[in-house]
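**Q** Take this sequence and fold it.
(one chain, ligands or ions: 1)
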Amino acid sequence: MCGIVGYVGDDDALPVILDGLKRLEYRGYDSAGVCLRTDPLTVHKKAGEVDELVEAAPESSEATCGVGHTRWSTHGEPTDENAHPHADEARRYAVVHNGIIDNHAELRDELEDRGHVFESDTDTEVVPHLLSEAEGELVERLGAVVERLEGSYALACVSADSDEVVVARQDSPLVVGHGDDANYVGSDVTAFVEHTRRVSYLHDGDIARVTADSIEVWNDGESVDRAVETVDWDVEAAEKGGYEHYMLKEIHEQPRALRKTVSERTDEVEGEALLDVSDEVLAEHDRVEFVACGTSYHAALYARRLFEEYADISATAEYASEYDGPHAPEETLVVAVTQSGETADTLSATRRAAREGATTVAVTNTVGSTAARETDETVYIRAGPEIGVAATKTFASQVVTLALVAVAAGRARDALPASEASSVLADLRDVPGAVQRVLDNEDRVAETAEEYGWDDAFFYVGRRLGYPVALEGALKLKEISYDHAEGFPAGELKHGPLALVTPDTPVLAVMTDGTRPRETLNNVKEVESRGAPVVAVTSSDADEGARLADTVFRVPSLGDMEPLLANVYLQMFAYHVARLKDRPIDKPRNLAKSVTVE
Ligand code: M6R
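**A** Purely as a prediction, here's the structure:
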């Protein structure tokens with residue numbers, strides 16, 4: 001994905017756009033650029049991070065309108081030429097784009113035949129050339145151009161002729177911000193939240209003209225109103241707040257985020273989870289299929305077990321990109337787990353499910369996201385903005401939210417007695433405090449990272465609810481430290497991966513309640529006898545695992561949520577190993593916060 005920001009108002013557009021790009025950098029940091037509305041248009045762009053663009057661009061400008069972009073490369077290398085914005089030869093039209101234009105090659109051939117000269121290898125560059133050939137005002141030109149485009153796009157365009165930003169959206173998020181004497185455009189609210197919290201989310205097919213004092217939206221040629229909503233977080237929530245990295249801040253924010261996740265959602269007296277999802281939807285389906293990617297997939301794997309346990313319902317979790325559609329659409333509830341609500345693989349799996357007749361639910365962090373809008377029901381995880389590319393607090397909030405949904409399903413299906421539901425809900429309410437107690441051990445985790453962090457390969461093992469946590473621990477480490485890390489079901493080690501275990505491959509074992517720790521102990525013995533150091537995360541009262549491991553971290557007693565607490569140790573371990581190695585923790589190479597291409 002990429003980040004888009006646009007501004008039209010009374011002030012100098014350049015600093016507003018550069019500030020927005022800094023905030024959006026988590027969406028991509030291969031290159032950055034800005035186009036200012038002058039006549040002809042002025043474009044500054046640079047490969048690398050936004051700071052490189054800031055150095056290359058002037059400190060101020062005369063322009064009061066412009067667009068900016070921070071790029072995660074799909075088509076074309078991360079070079080100056082391929083950086084957005086892209087403009088036509090005469091610098092009359094310029095465009096920033098998030099998404100992929102599938103038919104760009106054919107459009108480019110056609111334009112080159114008519115004499116257009118291209119400067120980049122991107123799919124995007126066809127758009128300004130097409131705009132230059134179209135007729136009418138910018139909004140009419142863009143309307144005509146999008147008719148010719150196949151694929152996904154959030155496009156923000158400026159012309160040398162007028163102070164306005166014209167945008168179009170198809171399968172890629174775009175939001176407009178309503179300010180005082182100024183209006184804004186962003187690929188998400190972070191782009192401009194320091195200026196306004198009043199926003200309208202655009203829908204697929206929308207084209208909008210944004211001027212300093214108006215925002216007009218059309219869909220299919222008809223003028224439409226898009227509701228003005230107020231985002232309930234501010235710029236502080238998206239800033240580092242004294243932490244060295246967003247990731248560390250977000251790890252430490254987990255107690256607060258989780259309090260929001262559970263707040264007013266547990267009625268322990270009645271044994272009810274209070275959610276917006278309807279009882280009928282939960283009661284009437286005999287099967288749940290979770291679809292998700294990356295960390296969200298691990299949350300789904302965790303939830304799958306909780307659904308089977310609390311709701312006595314057959315549940316599967318699949319990588320969204322591998323999903324072939326629901327097995328029995330009428331009987332199946334398809335749950336898309338997605339922090340951003342914009343992951344292309346997850347959206348396309350959910351759309352397939354809906355087309356085949358399944359009821360769909362989104363479990364997401366992002367109000368107004370595509371997943372929230374396209375599914376039958378939405379449950380928000382309420383984690384607040386997450387900027388670090390490596391997901392941390394949102395994993396915790398996803399698991400707790402999904403546990404609440406599993407309780408609600410259990411009650412709706414008469415599978416979970418009220419007394420048992422009350423006890424699960426009490427545990428969920430206690431998660432924030434228990435996470436804080438784990439966080440209080442950060443110094444010991446940092447020491448452990450120093451002791452073992454210099455090895456190059458790490459194995460993570462766990463059973464049952466410990467298995468998704470093993471996968472998540474390994475994903476976190478590989479994402480930010482660039483070390484080889486793999487998660488396995490503990491019992492599978494001896495069926496192959498044990499061949500890789502040596503004294504230089506630390507094994508991190510999740511052995512809390514809810515993970516069959518006794519069985520995992522045998523696997524710990526197997527790796528110990530091959531000389532591998534073992535770091536075990538155990539329940540507070542576990543003796544045996546503790547005796548065998550080289551380092552032991554304990555979690556407070558909390559039933560099925562203990563593996564989630566173990567994950568907090570693994571997050572801190574990954575963070576401190578990456579810090580030791582001086583990695584760019586918030587912006588790991590080749591990755592982006594949300595992946596809006598398949
Ligand atoms: O926004 P989503 O939850 O749909 O994103 C899914 C994955 O791309 C995401 O979890 C990714 O794996 C993170 N970088 C993990 O830290």
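**Q** nearest residue to the residue of the stretch 151-300 of the chain found nearest the ligand other than its sequence neighbours?
**A** Taking C-beta to the nearest ligand atom, the ligand has its nearest neighbour within the stretch 151-300 of the chain at residue 294, 1.9 Å off. C-beta coordinates here come from the backbone N, C-alpha and C atoms, glycine included. Nearest residue to residue 294, sequence neighbours excluded (C-beta to C-beta, 6 or more residues apart in numbering): residue 475, at 6.8 Å.
**Q** in a helix, that's where the one you found is, yeah?
**A** Yes. According to DSSP: H, G, I helix; E, B strand; the rest coil, residue 475 belongs to a helix.
**Q** Quick one: residues contacting it.
**A** Taking C-beta atoms under 8 Å, 6 or more residues apart in numbering, we find residue 475 in contact with 294, 295, 298, 485, 487.
**Q** same check, this time on residue 431
**A** Counted by C-beta under 8 Å, 6+ apart, residue 431 has contacts 258, 262, 396, 400, 558, 561, 564, 565.
**Q** One more pass at 10 Å, please.
**A** Residues counted as contacts of residue 431 (C-beta atoms under 10 Å, 6 or more residues apart in numbering) are 254-255, 258-259, 261-262, 396-397, 399-400, 403, 556, 558, 561, 564-565.
**Q** Secondary structure element holding it?
**A** Assessed by DSSP states H and E, residue 431 sits inside helix 418-439.
**Q** now residue 410
**A** Applying DSSP H and E, one finds residue 410 within helix 393-412.
**Q** How about residue 68?
**A** Following DSSP H and E, one finds residue 68 within strand 65-71.
**Q** Within its sheet, name the partner strands of that strand and how each one runs.
**A** The pairing partners recorded for strand 65-71 under DSSP bridges are strand 3-9 (antiparallel), strand 31-36 (antiparallel).
**Q** Mind checking the pLDDT average for the very next helix or strand once past the first one?
**A** The reference is to strand 3-9. Using DSSP H and E, the next helix or strand after strand 3-9 towards the C-terminus is helix 13-24. Per-residue pLDDT over helix 13-24 has a mean of 95.
**Q** returning to that earlier point: out of the strands paired with strand 65-71, which gets nearest to residue 388?
**A** Evaluated with C-beta to C-beta, those place strand 3-9 nearest to residue 388, the distance being 15.0 Å.
**Q** Report the angle between that closest one and helix 13-24.
**A** Orientation of strand 3-9 against helix 13-24 (axes from the mean of the first three to the mean of the last three C-alpha atoms, to 10 degrees) gives an angle of 150 degrees.
**Q** avg pLDDT for the helix holding residue 410?
**A** Rounded mean pLDDT across helix 393-412 is 97.
**Q** Using CSV, list the CA coordinates for that helix.
**A** C-alpha atoms of helix 393-412 as CSV (Å, rounded to 0.1, in the frame of the first residue of the first chain):
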residue,chain,number,x,y,z
LYS,A,393,-1.5,-4.3,20.3
THR,A,394,-4.0,-5.1,17.6
PHE,A,395,-3.2,-8.8,17.9
ALA,A,396,-4.1,-8.7,21.6
SER,A,397,-7.3,-6.7,20.9
GLN,A,398,-8.2,-9.1,18.1
VAL,A,399,-7.9,-12.2,20.3
VAL,A,400,-9.9,-10.6,23.1
THR,A,401,-12.6,-9.3,20.8
LEU,A,402,-12.8,-12.7,19.1
ALA,A,403,-13.0,-14.4,22.6
LEU,A,404,-16.0,-12.1,23.4
VAL,A,405,-17.7,-13.1,20.1
ALA,A,406,-17.0,-16.8,20.9
VAL,A,407,-18.7,-16.3,24.3
ALA,A,408,-21.6,-14.5,22.6
ALA,A,409,-21.9,-17.4,20.1
GLY,A,410,-21.8,-19.9,22.9
ARG,A,411,-24.6,-18.2,24.8
ALA,A,412,-26.7,-17.7,21.6
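**Q** anything in it near the ligand?
**A** No. Residues of helix 393-412 are not located near the ligand by C-beta under 6 Å from any ligand atom, the shortest gap being 7.0 Å.
**Q** contacting residues for the residue of the stretch 151-300 of the chain closest to the ligand?
**A** Going by C-beta under 10 Å, 6+ apart, the list of residues near residue 294 reads 319-320, 338-339, 343, 345-346, 390-391, 395, 471-472, 475, 479, 591, 594-595.
**Q** by contact count, what packs against the worst-scoring helix or strand of the chain on mean pLDDT?
**A** Ranked by mean pLDDT, DSSP states H and E, the weakest helix or strand in the chain is helix 544-548, scoring a mean of 73. For helix 544-548, the elements it packs on are strand 507-511, helix 517-528, strand 534-539, strand 551-555, judged by 3 or more C-beta pairs under 10 Å, 6 or more residues apart in numbering; DSSP states H and E.
**Q** ok and the helix holding residue 431 relative to strand 551-555, angle-wise?
**A** Using the same axes, to 10 degrees, the inter-axis angle of helix 418-439 relative to strand 551-555 is 140 degrees.
**Q** Please point out which parts of helix 418-439 sit buried.
**A** Neighbour-count burial for helix 418-439 flags 420-422, 424-425, 427-432, 434-436, 438-439 (criterion: 16 or more other C-beta atoms under 10 Å).
**Q** can you pull the contacts of the residue of the stretch 351-500 of the chain found nearest the ligand?
**A** Per C-beta to the nearest ligand atom, residue 391 is where the stretch 351-500 of the chain lies closest to the ligand, at 3.8 Å. When contacts are counted by C-beta under 10 Å, 6+ apart, residue 391 touches 247, 250, 294-296, 298-299, 339-340, 365, 383, 397-398, 472, 475-476, 479, 571, 593-594.
**Q** pLDDT at the residue lying closest to residue 554 once chain neighbours are set aside, what is it?
**A** Spatial nearest neighbour of residue 554, chain neighbours left out: residue 540 (5.0 Å); criterion: C-beta to C-beta, 6+ apart. At residue 540, the pLDDT value in this model is 84.
**Q** Residue 540 and residue 566 touch, don't they?
**A** No. Residue 540 is not in contact with residue 566 according to C-beta atoms under 10 Å; the separation is 11.8 Å.
**Q** what touches both of the two?
**A** Counting by C-beta under 10 Å, 6+ apart, the shared contacts of residue 540 and residue 566 are 512, 554, 555.
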